[in-house]
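J.: requesting a structural model of the entry that follows:
(2 chains)
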Amino acid sequence: MTKPGAEHAAAGGAPESPDRSEHKNFIRDIIDQDLKTGKFAGRVHTRFPPEPNGYLHIGHAKSICLNFGLARDYKGLCNLRFDDTNPAREEVEYVESIMNDVRWLGFDWGDRLFYASDYFEQLFQFALRLIGTGKAYVCDLDADQVREFRGTLTEPGKDSPFRGRPVEENLDLFRRMRNGEFPDGSRTLRAKIDMASPNLNMRDPVMYRILRATHHRTGDTWCIYPMYDWAHGQCDSIETVTHSICTLEFTDHRPLYDWFLDALGIYRSQQIEFARLNLTYTVMSKRKLLQLVQDGRVTGWDDARMPTISGLRRRGYTPEAIRNFADRIGVARNESTSDVALLEDCLRDDLNKRAPRVMAVLRPLRLVIENYDDAGLEELDAVNNPEDHSKGVRKVPFSRVLYIERDDFRENPPKKYFRLSPGGEVRLRYAYIIKCVRVVKDKATGEVIEVRCTYDPGSKSGMQQSGRRVKGTIHWVSAAHALEAEVRLYDRLFTVEDPGGENWKELVSPHSLEVLKGCKVEPGLARVQAQDRMQFERLGYFCVDDESREGALVFNRAVTLRDSWAKIERQ
RNA sequence: UGCCCCGUCGUCUAAUGGCAAGACGGCAGACUCUGGAUCUGCUUAUCGAGGUUCGAAUCCUUGCGGGGCAGCCA
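T.: Here you go, the predicted model:
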């Protein structure tokens, strides 16, 4: 291996330009139609509008791929806009992680980075306009009273006693709200719509609340903050977004957004709702993810078991795999739960083509080849990637004492077991056929601690040995040359497909992480870098963890290989 | 029991009034110096009832089922 590390970075480099989507969906149909009718003069302009109050997860990735993908495929634009209207929950840490994740996924917002807070003054002026036309009023009801007056799902609400306030008084009060003359929560600005509307969003929704909190961008400039429902449509309008794509729960809010836009008489984007992503064996709500972090059930937002972008990245997922997944699950208005097996398949599909192969023994069992020269040493050729021969071959050292996988030896082999057992033969990958002649056991426990074998010198890989074939091939590492490593085996975070419900925390899988120490890996791995991905032959795809150091290697298992033996054995 | 949204293989998505298709999963086999990859085959679906139509997964009515909405959250 000429340049260790460099070669293994093959599957971890800078994101390639995202491919065009092959699939159509109802949103593309709408856009095609709009293009045909000239609704937006041929423009396609989308936006991804996260609130910086948590880390992005795979569900956001679906939205990112959708919005940026549309812009890419229709030669349009996609903005990144932070919906930062609630300073009580938002932090710059989240802003930074979000930008990092979007970039890592392979998307570029160019010079179109925006914040709802960029428009606070404009929004204030818009509000003044609505007050001026009698379409908004200052309300002195407190939060509890507002709730009482709102009515219920089946009963209409009642008008606020402040609903009839004269325009001049509203203007004055609203300016004084901004000036900080009233305490938090004492007053709100409300839209004057219809307290009897069957759509609760239309029952005089709050536009502004008084809230003294330091905003991550505007500091203490403001003590009133716009509600999302008031801000969002106008932000889209200001940015001349054509197709404002959001999740299903905002369907009922669309009439409100349209009401604001009409009342203001400004440009109107077309809102289109789609079903958010759900995934089996995990949770997706930010609230629950935050709890997992706070309860210490995971090590952080970027724990490799988390469905966050940063977690998936740490786990070893590639941007390409995630983008492909987003493409393959499609987009619809159907509430659905995608199978995590599809996500895993996307990763295997990507890494199979790109990840270098390497030999690593996770649970070492000592194997001695009795008829191999004590001082013997060979450098054997091993293929770096059978799917891509341009990646060449490397040398791996072979000697008398090796480690093999404990799983690859059975003293009493079950039927259809193709690996090593007493008296049986097996091929050592890229080396010789060996035969097990006896085992050495721990006298106290009876556990097999060493396997003694003989090898067939004429069976070396590459030689044309007449008709010599054995059923199994196993991987190995030369004991004297092996590097020690820690390997973290990850499994699904939850034990059940749908960990919804009240007791979801008890469903966290105790097997979601297994840490293995004293693993043996081939010497070429000495100088791998964090994020390098590779296949450990016959085991799975692994990724160098951020905590890995030269001399203290740490690998994460991203996903296992398909294992048809495991299926047989389960039966 | 108000308003809104949604019901197609086990799962996800197509079929845009004209042969219900693909992917994942599952099962079986071929091949294999990774029980990997690859290849082949099989498996299984239009929620029900009416209506419109030569023809309905698609349009209409209705029933049933699932989901969302009563934050000064987004």
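
J.: can I see the domain layout of chain A?
T.: Domains of chain A are assigned by automatic domain parsing as A:4-115+A:232-349, A:120-228, A:358-481.

J.: most tightly packed of those domains?
T.: Of all those, domain A:4-115+A:232-349 carries the top mean neighbour count, a mean of 19, counting by mean count of other Cβ atoms under 10 Å. Glycine gets a C-beta too; all of them are placed from N, C-alpha and C.

J.: quick check: mean pLDDT across that one?
T.: The average pLDDT within domain A:4-115+A:232-349 is 93.

J.: residue of chain A closest to RNA strand B, please.
T.: A:S461 (2.0 Å; Cβ to the nearest atom of the strand).

J.: tell me the pLDDT at the closest residue to that residue other than its chain neighbours?
T.: With Cβ to Cβ, 6 or more residues apart in numbering as the measure, A:Y430 is the residue that lies nearest to A:S461, at 4.9 Å, once sequence neighbours are left out. Reading off the per-residue confidence, A:Y430 sits at a pLDDT of 97.

J.: contact partners for the residue positioned nearest the centre of chain A?
T.: The residue lying closest to the centre of chain A (Cα atoms, centre = their mean) is A:I309, at 3.1 Å. Taking Cβ atoms under 8 Å, 6 or more residues apart in numbering as the criterion, A:I309 is in contact with A:Y55, A:L56, A:H57, A:I58, A:H60, A:A61, A:D101, A:W104, A:L105, A:I322.

J.: run through the bridge partners of the residue lying closest to A:S186 once chain neighbours are set aside.
T.: Beyond its immediate neighbours in the sequence, the residue positioned closest to A:S186 (Cβ to Cβ, 6+ apart) is A:I210, lying 6.3 Å away. Beta bridges link A:I210 to A:I224 when assigned by DSSP bridges.

J.: got a pLDDT number for A:I210?
T.: According to the model's per-residue confidence, A:I210 sits at a pLDDT of 98.

J.: would you reformat the domains of chain A as TSV and include distance to A:A566?
T.: Shown next, in TSV, are the domains of chain A (distance: least, Cβ to Cβ, whole Å):
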stretch	distance to A:A566
domain A:4-115+A:232-349	14
domain A:120-228	48
domain A:358-481	10
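
J.: low pLDDT regions in the stretch 351-500 of chain A?
T.: A:464-467 (pLDDT under 70).

J.: break down it into its strands, ranges please.
T.: For the stretch 351-500 of chain A, strands defined by DSSP state E, counting those that start in this stretch occupy the ranges A:357-358, A:360-361, A:364-369, A:378-383, A:393-398, A:401-405, A:425-428, A:433-441, A:448-456, A:473-474, A:476-478, A:483-490.

J.: include distance to A:R217 when you put those into a markdown table, please.
T.: Putting the strands of the stretch 351-500 of chain A into a markdown table (distance: least, Cβ to Cβ, whole Å) gives the following:
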| stretch | distance to A:R217 |
| --- | --- |
| strand A:357-358 | 46 |
| strand A:360-361 | 47 |
| strand A:364-369 | 54 |
| strand A:378-383 | 53 |
| strand A:393-398 | 51 |
| strand A:401-405 | 54 |
| strand A:425-428 | 61 |
| strand A:433-441 | 66 |
| strand A:448-456 | 63 |
| strand A:473-474 | 58 |
| strand A:476-478 | 53 |
| strand A:483-490 | 37 |
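
J.: show me the one of those that comes nearest A:Y119.
T.: Comparing the strands of the stretch 351-500 of chain A by their distance to A:Y119 (Cβ to Cβ), the top pick is strand A:483-490, with 42.2 Å.

J.: from the chain's centroid, how far away is the closest one?
T.: The chain centroid and the centroid of strand A:483-490 are separated by 22 Å under Cα atoms, centre = their mean, to the nearest Å.

J.: kindly report the same for stretch A:144-163.
T.: Its chain's average C-alpha position is 41 Å from that of stretch A:144-163, according to Cα atoms, centre = their mean.

J.: sorry, back to before: nearest to A:V44 among the contacts of A:I309?
T.: Taking Cβ to Cβ as the measure, A:L105 is the one of the contacts of A:I309 closest to A:V44, at 19.6 Å.

J.: picking that back up, dump the strands of the stretch 351-500 of chain A to TSV, plus distance to RNA strand B.
T.: Conversion of these to TSV gives the following (distance: least, Cβ to the nearest atom of the strand, whole Å):
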stretch	distance to RNA strand B
strand A:357-358	5
strand A:360-361	11
strand A:364-369	15
strand A:378-383	8
strand A:393-398	12
strand A:401-405	10
strand A:425-428	5
strand A:433-441	8
strand A:448-456	11
strand A:473-474	4
strand A:476-478	11
strand A:483-490	16
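
J.: and A:Y317, which of the ones you listed is closest to it?
T.: When the strands of the stretch 351-500 of chain A are compared (using Cβ to Cβ), the closest one is strand A:483-490, at 11.3 Å.

J.: output that closest one as CSV, nothing but the C-alphas.
T.: The C-alpha coordinates for strand A:483-490 follow below in CSV (Å, rounded to 0.1, in the frame of the first residue of the first chain):
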residue,chain,number,x,y,z
LEU,A,483,-2.6,-3.4,14.5
GLU,A,484,-4.8,-3.1,17.6
ALA,A,485,-8.0,-1.3,17.2
GLU,A,486,-11.3,-0.5,19.0
VAL,A,487,-14.4,-1.3,17.0
ARG,A,488,-17.8,0.0,17.7
LEU,A,489,-20.6,-2.1,16.5
TYR,A,490,-23.8,-0.2,16.0
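
J.: taking strand A:364-369 as reference, get the angle to it.
T.: 140 degrees (axes from the mean of the first three to the mean of the last three Cα atoms, to 10 degrees).

J.: mind listing residues that contact strand A:483-490?
T.: Residues from elsewhere that reach strand A:483-490 (Cβ under 8 Å, 6+ apart): A:304-305, A:315, A:360, A:362, A:512-523, A:525-526, A:542, A:545, A:552-558.

J.: only whichever of the residues you listed are buried, select them in ChimeraX.
T.: For anyone working in ChimeraX, the buried entries among the contacts of strand A:483-490, judged by 16 or more other Cβ atoms under 10 Å, can be selected with:
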select /A:304,305,315,360,362,512,513,519,520,521,522,523,525,542,545,553,554,555,556,557,558
